[in-house]
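Peer 1: my questions concern the predicted model and sequence given below.
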Amino acid sequence: MLVSEDLALILTDNESGRMVASHAIRYGLAGAILCDLALQNFALVSHDEGDVRKNRIQVTHRDTDSIVLSWALEQLPRDDYSQYRAIERLKVGAQVHILDALVEQGLLRKKVGSVLGLVKSDRYPTVDPVPEREVRKELLATLEANESASPEMSALIGCIGMIGRAQHVVAEDLALGEAKSIKRRAQEYMNRNWGAWAARKAYEADRQVIAVS
């Protein structure tokens, strides 16, 4: 599975089929997709400390069987983007395309709905809980026991840290000190992972624009 698919799984409530509420989620999902593109050799990245608008992504376009990556490549038709611009293009639509991919894989089911009959509000309850359970188990082992992480797990933890939900999505019954430790470690992963870092910087830049306006 992709990093972005693992992230969506653990952020979606098994019974209600709703994703946790956070303005940062769509940025985190976009950052996870960028990580997927890089891990699957669809993108080369440059990352320097500083302005995320100046760091570049070189995109390689070729066929893929992945619903998520096919959609992402359609959103990035040029060969070169700033990391900020790539996040901006992917954050709109990332959630629904990732969740629909999980439906195709038989892990979730889609319940079409609306709010007051006006605003579309689909839900995605869990069908097969095993993959999510395994992801949470690996997450907890990595964050608690300081185990070495694969590139995919490093990216996943970084994106969770970017959203600020690590202590909530890893386990429900963490003690206060343990929760703070996991949150801190997830933020350390975020700072080391270019996709999560780019998502955080784009999120902060957009928030600053809104605050000024």
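Peer 2: Looks like it arrived, so ask away. Numbers count the residues shown, from 1 in each chain.
Peer 1: any idea which helix or strand carries the residue most central in space within the chain?
Peer 2: Nearest to the mean C-alpha position of the chain, counting by Cα atoms, centre = their mean, stands L29 at 2.8 Å. Assigned by DSSP states H and E, L29 belongs to helix 25-39.
Peer 1: put the alpha carbons of that helix into CSV.
Peer 2: Taking C-alpha atoms only, helix 25-39 is exported to CSV below (Å, rounded to 0.1, in the frame of the first residue of the first chain):
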residue,chain,number,x,y,z
ILE,A,25,-5.3,16.9,6.9
ARG,A,26,-5.5,17.7,3.2
TYR,A,27,-2.0,19.2,3.4
GLY,A,28,-0.8,16.0,5.1
LEU,A,29,-2.4,13.8,2.5
ALA,A,30,-0.9,15.9,-0.3
GLY,A,31,2.5,15.6,1.4
ALA,A,32,2.1,11.8,1.6
ILE,A,33,1.3,11.6,-2.1
LEU,A,34,4.5,13.5,-2.9
CYS,A,35,6.4,11.0,-0.8
ASP,A,36,4.7,8.2,-2.7
LEU,A,37,5.7,9.8,-6.0
ALA,A,38,9.3,10.0,-4.9
LEU,A,39,9.4,6.5,-3.4
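Peer 1: I'd like the next helix or strand past it.
Peer 2: Remark: after helix 25-39, the chain's next helix or strand is strand 43-45, criterion DSSP H and E.
Peer 1: helix, strand, or coil at G106?
Peer 2: coil (DSSP: H, G, I helix; E, B strand; the rest coil).
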